[in-house]
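J.: using only what follows, build the 3D model:
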Amino acid sequence: MVRGPLLLLPGLLCDAAVWTPLLALQPALGDAADCQIMAYGHADSIDAMARAVLRQAPVKFALAGHSMGGRVALEVMRLAPQRVTRIALFDTGYQARPAGDAGERERAERLALLELARSEGMRVMAERWASGMVHMERLADKALMNAILDMIERKSADIFAAQINALLERPDATALLPQIACPTLLLCGREDAWSPLARHQQMAAMMPRAHFAIIDDCGHMSTMERPETVAATMLAWLEQPA
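T.: Numbering: from 1, shown residues only. From the prediction side, this is the model:
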């Protein structure tokens, strides 16, 4: 039985392909909620992405965000908490870009990838970038890696530039986390090299209703690497009383 809309927010350079494995392998997830995969267009800030989601959203909805989509989900919660019935955050973060040398290194690394995408194409950039995306044992999984590379190649360098700007100027959600009182799922691949386990442990400690799920033998792309486990965890989250 459909219990209401569930908005699924993709991460950096991701699209519906990051969510469809869950629905394909676990049809009960589609039965439990009206799943709607969101898009951000050419929005170049987390705030603009969140507002784009809210313009497309029904009055009340559950929310799940992966990676950058988790940051967008937190901004949706900041802007319209009364509309969100429950929230799930996968392989994500909550802090702003750090000041000083660490922040400048992040900027330089992201802009170098953008320059590669503009000069040699999105797929070439993705092939260089992909090594940190998944659990090291899945790098030889051609079906998985091609699905990720194909997804990134569908995006343009201009969209990449807009999303890089959004991440470099991302808001800090530290003060927001303790205010989130709806049923909350916090999920992370144990071997996530981009959004590490320790960061999610920090988030879980600050969120009063967080259920923290660790997905074993899994990197950053949890919804594509371990879709059956992630979908089963989401079903349990959807069953939690509001």
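J.: and the helix or strand Q201 falls within, what's buried?
T.: Using DSSP states H and E, Q201 falls within helix 197-206. Going by neighbour count (16 or more other CB atoms under 10 Å), the buried part of helix 197-206 is R199, H200, M203, A204, M206. (Each C-beta comes from the backbone N, C-alpha and C, glycine too.)
J.: so what does the helix or strand just after it touch, helix or strand wise?
T.: Next helix or strand after helix 197-206 toward the C-terminus (DSSP H and E): strand 210-215. Judged by 3 or more CB pairs under 8 Å, 6 or more residues apart in numbering; DSSP states H and E, strand 210-215 is in contact with strand 184-189, helix 197-206, helix 227-239.
J.: check which helices and strands whichever helix or strand comes after strand 210-215 sits against.
T.: Downstream of strand 210-215, the next assigned helix or strand under DSSP H and E is helix 222-225. The elements that helix 222-225 packs onto, with contact taken as 3+ CB pairs under 8 Å, 6+ apart, are helix 20-25, helix 142-153, strand 184-189.
J.: make it 10 Å
T.: If contacts are counted by 3 or more CB pairs under 10 Å, 6 or more residues apart in numbering; DSSP states H and E, helix 222-225 sits against helix 20-25, strand 61-66, helix 142-153, strand 184-189, strand 210-215, helix 227-239.
J.: same list (those) but as a markdown table, adding mean neighbour count.
T.: Output for the helices and strands packed on helix 222-225, formatted as a markdown table (neighbours: other CB atoms under 10 Å):
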| stretch | mean neighbour count |
| --- | --- |
| helix 20-25 | 18 |
| strand 61-66 | 27 |
| helix 142-153 | 16 |
| strand 184-189 | 25 |
| strand 210-215 | 18 |
| helix 227-239 | 19 |
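J.: worst average pLDDT in the ones you listed?
T.: Ranked by mean pLDDT, these end with helix 20-25 in last place, scoring a mean of 86.
J.: only alpha carbons, please: show the helix holding Q201 as PDB.
T.: What follows is helix 197-206 as a C-alpha-only set of coordinates in PDB (Å, rounded to 0.1, in the frame of the first residue of the first chain):
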ATOM      1  CA  LEU A 197      32.300   6.400   8.500                       C
ATOM      2  CA  ALA A 198      33.600   8.800  11.300                       C
ATOM      3  CA  ARG A 199      31.700  11.700   9.800                       C
ATOM      4  CA  HIS A 200      28.500   9.700   9.900                       C
ATOM      5  CA  GLN A 201      29.200   8.700  13.500                       C
ATOM      6  CA  GLN A 202      29.500  12.400  14.300                       C
ATOM      7  CA  MET A 203      26.200  13.100  12.600                       C
ATOM      8  CA  ALA A 204      24.400  10.300  14.400                       C
ATOM      9  CA  ALA A 205      25.500  11.600  17.800                       C
ATOM     10  CA  MET A 206      23.900  14.900  17.000                       C
END
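J.: what packs against it?
T.: strand 84-90, strand 184-189, strand 210-215.
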